[in-house]
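1. 3D model of this:
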Amino acid sequence: MNRIISLLVAVLLLGLPQLAAAYSIAPGDALRIEVLEDESLARQVLVLPDGSISFPGAGTVRVAGMTPAAAGTMLTERLKAQFANTPSVYVSVVALAQPGEVLPEPNLIYVMGEIGKPGAIETAKGITLLQAIAQAGGYTRFAATKRIELHRMDPASQTEQIYIFDAKKGSGISGGTLLTEGDVIVVPERRLFE
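-> Numbers count the residues shown, from 1 in each chain. Take a look at the predicted model:
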């Protein structure tokens, strides 16, 4: 009896790599993407309802219906012009979409300046200013945390509004300010005696 159970377990374990290789990425899946040559690019991304992901240097890439290996190959092609040698990109599925799950519409927020990981970040609706800064890797040691700027387009007047947040004193706008699609956070460099 133990021999039969061992045989069944062995058959199942041998079949798992083939099942993983045949898996097609679907909207709602969470993917882990790693670039061996640049660990700062490693991140977890959500496959959007249209089947695409956003990745720094590669832009928006449609991955739904692809295997994780094929998605890695596509990202490698998109990124190789930015590296001296062809990068090694690995994609793995860390969470599957739940059947019938309604995916939240993501926000694209942009973070630039003295921040750990500048660029576009994909966030859930309802993220705050401080949460976005944390998601982007936090401040660098040269950040002027007294005058962080939040740039937002006013939909009524179609003009850019700039709000100042002082993380040291907690003055200006609140760190709990909810961000909206297209907001840009600018963390300026400290001045000489700041």
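
2. can I see the domain layout of this protein?
-> Following automatic domain parsing, one finds the domains of the chain at 24-95, 107-187.

3. Please convert those to CSV, extending it with distance to E194, mean pLDDT and mean neighbour count.
-> Where C-beta positions appear, they are placed from N, C-alpha and C, glycine not excepted. Shown next, in CSV, are those (distance: least, Cβ to Cβ, whole Å; pLDDT from 0 to 100; neighbours: other Cβ atoms under 10 Å):
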stretch, distance to E194, mean pLDDT, mean neighbour count
domain 24-95, 26, 88, 16
domain 107-187, 6, 87, 16
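
4. Of the ones you listed, which is nearest F193?
-> Closest of those to F193 is domain 107-187, at 11.6 Å (criterion: Cβ to Cβ).

5. Now do the helices in this protein.
-> Assigned by DSSP state H, the chain shows helices spanning 2-22, 68-79, 129-135.

6. could the domains of the chain be laid out in a markdown table, adding distance to F193?
-> Output for these, formatted as a markdown table (distance: least, Cβ to Cβ, whole Å):
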| stretch | distance to F193 |
| --- | --- |
| domain 24-95 | 30 |
| domain 107-187 | 12 |
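
7. which residues does I148 form a beta bridge with?
-> Beta-bridge pairing for I148 (DSSP bridges): F165.

8. measure it to R190 for me?
-> 12 Å (Cβ to Cβ, to the nearest Å).

9. Ok, A71 next?
-> Counting by Cβ to Cβ, the separation of A71 from R190 is 40 Å.

10. now E77
-> Remark: distance between E77 and R190 (Cβ to Cβ) = 39 Å.

11. do the same with A136
-> Taking Cβ to Cβ, one finds A136 at 18 Å from R190.

12. Repeat that for V93.
-> Distance, V93 to R190, using Cβ to Cβ: 41 Å.

13. same check, this time on E181
-> Applying Cβ to Cβ, the value for E181 to R190 is 30 Å.

14. which residue ranges form the strands in the chain?
-> 30-35, 43-46, 52-55, 59-62, 89-95, 107-113, 119-123, 148-154, 159-166, 171-172, 184-187 (DSSP state E).

15. The ones you listed: which one's closest to F83?
-> Closest to F83 of those is strand 30-35 (Cβ to Cβ; 8.6 Å).

16. Just list the residues touching L31, thanks.
-> 25, 44-47, 53, 63, 68, 71, 91-94 (Cβ atoms under 8 Å, 6 or more residues apart in numbering).

17. what's the nearest residue to S88 if we skip its chain neighbours?
-> In this structure, S88 finds its nearest non-sequential neighbour in L36, 4.1 Å apart by Cβ to Cβ, 6 or more residues apart in numbering.

18. coming back round to it: TSV for the strands of the chain, including distance to A132?
-> Output for the strands of the chain, formatted as TSV (distance: least, Cβ to Cβ, whole Å):
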stretch	distance to A132
strand 30-35	19
strand 43-46	14
strand 52-55	15
strand 59-62	20
strand 89-95	22
strand 107-113	5
strand 119-123	6
strand 148-154	10
strand 159-166	11
strand 171-172	16
strand 184-187	6
